[in-house]
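Undergrad: Here is a sequence together with a model predicted from it:
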Amino acid sequence: MIYFGCSQWGYSSWKGILYPQNAKPGKFLYHYSREFNCVEVNPTYHDYVEPERIAHWQQQVSEGFKFCPKFPKLISHDKMLYGVKELTDDFIYRAGLFGGNLGISFLQLHPEFMPEELPVLDGFLKNLPKDFKISVELKPKFLEHTNTRDAALRVLAENNAGIVILDTRETFGLINNYKLTNHSAFIRFNSYGIEIDRPRIDNWVKMITAWSAKGLPEIYFFLHFPESGADMDSLFYAREKFSPLISPRST
(Lines give C-alpha, C1' and ligand atoms only; values in the text may rest on other atoms or scores of the structure.)
Protein backbone atom coordinates (compact mmCIF):
# COMPACT_ATOMS: atom_id res chain seq x y z
CA MET A 1 0.00 0.00 0.00
CA ILE A 2 1.22 3.49 -0.84
CA TYR A 3 0.44 6.33 1.59
CA PHE A 4 0.81 9.99 0.73
CA GLY A 5 0.36 12.91 3.11
CA CYS A 6 1.90 15.84 4.97
CA SER A 7 3.55 16.57 8.30
CA GLN A 8 0.39 18.15 9.72
CA TRP A 9 -3.23 18.93 8.97
CA GLY A 10 -3.62 22.25 10.81
CA TYR A 11 -2.90 24.75 8.03
CA SER A 12 -5.53 27.50 8.28
CA SER A 13 -4.23 28.77 4.91
CA TRP A 14 -5.82 25.70 3.30
CA LYS A 15 -9.29 27.06 3.98
CA GLY A 16 -10.95 27.82 0.67
CA ILE A 17 -8.33 25.71 -1.14
CA LEU A 18 -8.27 22.19 0.28
CA TYR A 19 -10.74 22.79 3.09
CA PRO A 20 -14.11 24.55 2.88
CA GLN A 21 -13.86 28.29 3.47
CA ASN A 22 -15.94 27.97 6.64
CA ALA A 23 -14.06 24.94 8.01
CA LYS A 24 -13.47 25.01 11.77
CA PRO A 25 -10.06 23.96 13.16
CA GLY A 26 -11.70 21.03 14.91
CA LYS A 27 -12.75 19.65 11.52
CA PHE A 28 -9.49 20.26 9.68
CA LEU A 29 -8.43 16.61 10.11
CA TYR A 30 -11.76 15.41 8.70
CA HIS A 31 -11.25 17.47 5.56
CA TYR A 32 -7.54 16.58 5.39
CA SER A 33 -8.35 12.86 5.43
CA ARG A 34 -10.57 13.30 2.38
CA GLU A 35 -7.51 14.52 0.45
CA PHE A 36 -4.73 12.30 1.86
CA ASN A 37 -4.50 8.83 3.38
CA CYS A 38 -1.86 9.40 6.07
CA VAL A 39 -0.33 12.06 8.29
CA GLU A 40 2.61 12.45 10.62
CA VAL A 41 1.58 13.00 14.23
CA ASN A 42 4.09 15.49 15.57
CA PRO A 43 2.05 16.44 18.68
CA THR A 44 3.26 13.16 20.23
CA TYR A 45 6.83 14.49 19.93
CA HIS A 46 6.13 17.63 21.94
CA ASP A 47 3.79 16.38 24.66
CA TYR A 48 1.67 13.53 25.95
CA VAL A 49 -1.43 13.03 23.84
CA GLU A 50 -4.43 12.03 25.92
CA PRO A 51 -6.50 8.97 24.88
CA GLU A 52 -9.55 11.19 24.41
CA ARG A 53 -7.69 13.27 21.85
CA ILE A 54 -6.62 10.18 19.93
CA ALA A 55 -10.21 8.92 19.93
CA HIS A 56 -11.38 12.28 18.59
CA TRP A 57 -8.84 12.07 15.76
CA GLN A 58 -9.94 8.55 14.89
CA GLN A 59 -13.56 9.58 14.65
CA GLN A 60 -12.70 12.00 11.83
CA VAL A 61 -10.89 9.61 9.47
CA SER A 62 -11.74 6.58 7.38
CA GLU A 63 -10.82 2.99 8.16
CA GLY A 64 -7.81 2.94 5.84
CA PHE A 65 -6.27 6.21 7.01
CA LYS A 66 -2.93 5.94 8.84
CA PHE A 67 -1.44 8.05 11.64
CA CYS A 68 2.36 7.92 12.01
CA PRO A 69 3.24 9.19 15.50
CA LYS A 70 6.66 10.58 16.32
CA PHE A 71 8.45 9.35 19.43
CA PRO A 72 8.50 11.96 22.22
CA LYS A 73 11.50 14.26 22.41
CA LEU A 74 11.77 13.32 26.08
CA ILE A 75 12.88 9.90 24.83
CA SER A 76 14.87 10.82 21.74
CA HIS A 77 16.37 14.21 22.57
CA ASP A 78 16.24 14.89 26.29
CA LYS A 79 17.32 11.42 27.42
CA MET A 80 18.83 10.30 24.09
CA LEU A 81 17.47 6.75 24.55
CA TYR A 82 19.08 6.26 27.97
CA GLY A 83 16.85 4.92 30.75
CA VAL A 84 13.61 5.34 28.82
CA LYS A 85 11.82 2.00 29.22
CA GLU A 86 8.83 3.37 31.14
CA LEU A 87 8.51 6.36 28.82
CA THR A 88 8.73 4.08 25.80
CA ASP A 89 6.14 1.68 27.19
CA ASP A 90 3.81 4.63 27.70
CA PHE A 91 4.32 5.85 24.13
CA ILE A 92 3.68 2.38 22.74
CA TYR A 93 0.48 2.16 24.79
CA ARG A 94 -0.75 5.51 23.46
CA ALA A 95 0.25 4.64 19.89
CA GLY A 96 -1.74 1.43 20.22
CA LEU A 97 -4.87 3.48 20.87
CA PHE A 98 -4.88 4.37 17.17
CA GLY A 99 -5.87 0.76 16.56
CA GLY A 100 -6.21 -0.08 12.88
CA ASN A 101 -5.36 3.53 12.01
CA LEU A 102 -1.81 3.18 13.36
CA GLY A 103 0.86 3.29 10.70
CA ILE A 104 4.60 3.32 11.28
CA SER A 105 5.88 5.22 14.31
CA PHE A 106 9.13 7.07 13.77
CA LEU A 107 12.10 7.93 15.94
CA GLN A 108 14.22 10.99 15.19
CA LEU A 109 17.66 10.73 16.75
CA HIS A 110 19.18 13.74 18.47
CA PRO A 111 21.75 15.62 16.33
CA GLU A 112 24.38 14.81 18.97
CA PHE A 113 23.60 11.08 18.99
CA MET A 114 26.92 9.73 17.76
CA PRO A 115 27.66 6.69 15.57
CA GLU A 116 29.61 5.30 18.53
CA GLU A 117 26.29 5.05 20.37
CA LEU A 118 24.75 2.57 17.94
CA PRO A 119 24.75 -0.12 20.68
CA VAL A 120 22.35 2.14 22.62
CA LEU A 121 20.02 2.29 19.62
CA ASP A 122 20.36 -1.46 19.18
CA GLY A 123 19.36 -2.08 22.79
CA PHE A 124 16.45 0.34 22.52
CA LEU A 125 15.09 -1.38 19.42
CA LYS A 126 15.52 -4.84 20.91
CA ASN A 127 13.29 -3.84 23.84
CA LEU A 128 10.37 -2.89 21.59
CA PRO A 129 7.52 -5.34 21.00
CA LYS A 130 8.33 -7.53 18.00
CA ASP A 131 5.21 -6.45 16.14
CA PHE A 132 5.69 -2.71 16.72
CA LYS A 133 6.39 -0.89 13.45
CA ILE A 134 9.14 1.70 13.69
CA SER A 135 11.39 3.65 11.33
CA VAL A 136 14.45 5.56 12.53
CA GLU A 137 15.67 8.91 11.23
CA LEU A 138 19.45 8.89 11.15
CA LYS A 139 21.30 12.16 10.90
CA PRO A 140 23.39 12.74 7.73
CA LYS A 141 26.64 12.02 9.57
CA PHE A 142 25.59 8.36 9.82
CA LEU A 143 25.49 8.12 6.02
CA GLU A 144 28.61 10.03 5.01
CA HIS A 145 31.09 7.16 5.52
CA THR A 146 30.67 3.58 4.37
CA ASN A 147 31.60 1.90 7.66
CA THR A 148 29.29 4.05 9.76
CA ARG A 149 26.45 3.74 7.27
CA ASP A 150 26.73 -0.03 7.00
CA ALA A 151 26.87 -0.43 10.78
CA ALA A 152 23.75 1.71 11.25
CA LEU A 153 21.83 -0.07 8.51
CA ARG A 154 22.81 -3.40 10.01
CA VAL A 155 21.41 -2.41 13.43
CA LEU A 156 18.13 -1.40 11.84
CA ALA A 157 17.86 -4.53 9.70
CA GLU A 158 18.67 -6.88 12.56
CA ASN A 159 15.82 -5.32 14.58
CA ASN A 160 13.36 -5.21 11.65
CA ALA A 161 13.30 -1.42 11.89
CA GLY A 162 12.92 0.80 8.86
CA ILE A 163 14.97 3.82 7.95
CA VAL A 164 13.49 7.28 7.52
CA ILE A 165 14.73 8.62 4.20
CA LEU A 166 15.29 12.36 4.43
CA ASP A 167 15.14 14.31 1.18
CA THR A 168 16.40 17.72 2.26
CA ARG A 169 19.10 20.13 1.18
CA GLU A 170 21.39 18.50 3.74
CA THR A 171 20.91 15.07 2.17
CA PHE A 172 20.70 15.84 -1.56
CA GLY A 173 24.13 14.28 -2.04
CA LEU A 174 23.42 11.33 0.24
CA ILE A 175 20.12 10.01 -1.13
CA ASN A 176 21.83 7.05 -2.83
CA ASN A 177 23.37 6.07 0.51
CA TYR A 178 19.97 5.18 1.94
CA LYS A 179 19.06 1.49 1.76
CA LEU A 180 15.78 -0.08 2.85
CA THR A 181 16.22 -2.17 5.99
CA ASN A 182 12.83 -3.88 6.24
CA HIS A 183 9.66 -4.28 4.16
CA SER A 184 8.71 -0.61 4.29
CA ALA A 185 9.77 2.78 3.00
CA PHE A 186 9.30 6.04 4.91
CA ILE A 187 10.23 9.26 3.08
CA ARG A 188 10.21 12.77 4.56
CA PHE A 189 10.48 15.26 1.71
CA ASN A 190 11.21 18.94 2.35
CA SER A 191 9.60 21.31 -0.15
CA TYR A 192 11.65 24.25 -1.45
CA GLY A 193 9.33 25.54 -4.18
CA ILE A 194 7.95 23.96 -7.32
CA GLU A 195 10.99 24.53 -9.55
CA ILE A 196 13.25 22.63 -7.14
CA ASP A 197 10.58 20.14 -6.09
CA ARG A 198 9.19 19.05 -9.47
CA PRO A 199 12.13 16.87 -10.64
CA ARG A 200 12.62 15.49 -7.13
CA ILE A 201 8.95 14.49 -6.92
CA ASP A 202 9.15 12.89 -10.37
CA ASN A 203 12.15 10.83 -9.24
CA TRP A 204 10.34 9.65 -6.14
CA VAL A 205 7.25 8.66 -8.10
CA LYS A 206 9.47 6.52 -10.36
CA MET A 207 11.23 4.95 -7.40
CA ILE A 208 8.03 4.26 -5.47
CA THR A 209 6.38 2.82 -8.56
CA ALA A 210 9.33 0.44 -8.94
CA TRP A 211 9.27 -0.55 -5.27
CA SER A 212 5.55 -1.20 -5.44
CA ALA A 213 5.93 -3.30 -8.60
CA LYS A 214 8.51 -5.43 -6.77
CA GLY A 215 6.02 -6.05 -3.96
CA LEU A 216 7.17 -3.67 -1.22
CA PRO A 217 4.03 -3.76 0.94
CA GLU A 218 4.16 -0.43 2.79
CA ILE A 219 5.39 2.92 1.46
CA TYR A 220 4.91 6.33 3.09
CA PHE A 221 5.72 9.70 1.52
CA PHE A 222 5.35 12.88 3.59
CA LEU A 223 5.62 16.45 2.33
CA HIS A 224 7.18 19.01 4.66
CA PHE A 225 7.07 22.77 4.20
CA PRO A 226 9.91 24.06 6.38
CA GLU A 227 10.47 27.57 5.10
CA SER A 228 7.39 29.69 4.41
CA GLY A 229 4.31 27.57 4.89
CA ALA A 230 2.78 25.10 2.48
CA ASP A 231 3.75 25.59 -1.16
CA MET A 232 0.47 24.82 -2.91
CA ASP A 233 2.06 24.39 -6.34
CA SER A 234 4.30 21.63 -5.02
CA LEU A 235 1.48 20.12 -2.99
CA PHE A 236 -0.91 19.94 -5.93
CA TYR A 237 1.81 18.66 -8.24
CA ALA A 238 2.78 15.88 -5.83
CA ARG A 239 -0.84 14.95 -5.20
CA GLU A 240 -1.48 14.71 -8.96
CA LYS A 241 1.55 12.46 -9.42
CA PHE A 242 0.77 10.22 -6.46
CA SER A 243 -2.98 9.88 -7.02
CA PRO A 244 -2.70 7.08 -9.63
CA LEU A 245 -0.53 5.08 -7.22
CA ILE A 246 -2.97 5.20 -4.32
CA SER A 247 -5.98 2.93 -4.02
CA PRO A 248 -9.32 4.75 -3.69
CA ARG A 249 -9.95 5.78 -0.09
CA SER A 250 -13.15 4.84 1.66
CA THR A 251 -15.10 7.72 3.22
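TA: Looks like it came in fine. Since we're looking at a predicted model, the values are computed, not measured. Numbering: from 1, shown residues only.
Undergrad: Which parts of this protein are helices?
TA: 28-32, 43-46, 51-59, 73, 85-96, 118-126, 146-158, 194-213, 232-242 (DSSP state H).
Undergrad: same question for the second one, mean pLDDT?
TA: Mean per-residue pLDDT for helix 43-46: 95.
Undergrad: list the buried ones in that helix?
TA: By 16 or more other CB atoms under 10 Å, the buried positions in helix 43-46 come out as 43, 44, 45. C-beta: built from backbone N, CA, C; applies to glycine.
Undergrad: can you put the residues you listed in CSV and add distance to residue 197?
TA: Listed next are the buried residues of helix 43-46 as CSV, based on distance: CB to CB, whole Å:
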residue, distance to residue 197
43, 26
44, 27
45, 25
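Undergrad: which one of those is nearest residue 160?
TA: Set against residue 160, the nearest of the buried residues of helix 43-46 by CB to CB is residue 44 (21.6 Å).
Undergrad: Starting from residue 23, give me the distance back to the nearest residue to the closest one once chain neighbours are set aside.
TA: What sits nearest to residue 44 in space, not counting adjacent residues and going by CB to CB, 6 or more residues apart in numbering, is residue 69, at 4.2 Å. Residue 69 is 24 Å from residue 23, where distance means CB to CB, to the nearest Å.
Undergrad: Between those two, which is the more surrounded one?
TA: Set residue 69 next to residue 23 and count neighbours by other CB atoms under 10 Å: residue 69 wins out with 24 against 17.
Undergrad: does the more buried one have beta-bridge partners, and which?
TA: When assigned by DSSP bridges, residue 69 has beta-bridge partners residue 41.
Undergrad: and if you look at residue 190?
TA: residue 224.
Undergrad: From residue 7, how far out is it?
TA: Distance from residue 190 to residue 7, by CB to CB: 10 Å.
Undergrad: Can you work out which residues contact both of the two?
TA: Shared contacts of residue 190 and residue 7, defined by CB atoms under 8 Å, 6 or more residues apart in numbering, are found at 224, 225.
Undergrad: residue contacts, the residue nearest to residue 44?
TA: Taking CB under 8 Å, 6+ apart, one finds 40, 41, 44, 49, 91, 94, 95, 98, 102, 105, 106 in contact with residue 69.
Undergrad: do residue 110 as well
TA: 76, 77, 80 are the contacts of residue 110 under CB under 8 Å, 6+ apart.
Undergrad: repeat for residue 74
TA: Contacts of residue 74 (CB under 8 Å, 6+ apart): 84, 87.
Undergrad: Residues touching stretch 167-184, excluding its own?
TA: By CB under 8 Å, 6+ apart, stretch 167-184 touches 104, 133, 135, 140, 143-144, 149, 153, 156-157, 160-163, 165, 187-190, 192, 200, 204, 211, 216-220.
Undergrad: and the closest residue to residue 1 other than its chain neighbours, how far is that from residue 128?
TA: Leaving aside its sequence neighbours, residue 1 sits nearest to residue 218 (CB to CB, 6+ apart; 6.0 Å). For residue 218, the distance to residue 128 equals 17 Å [CB to CB].
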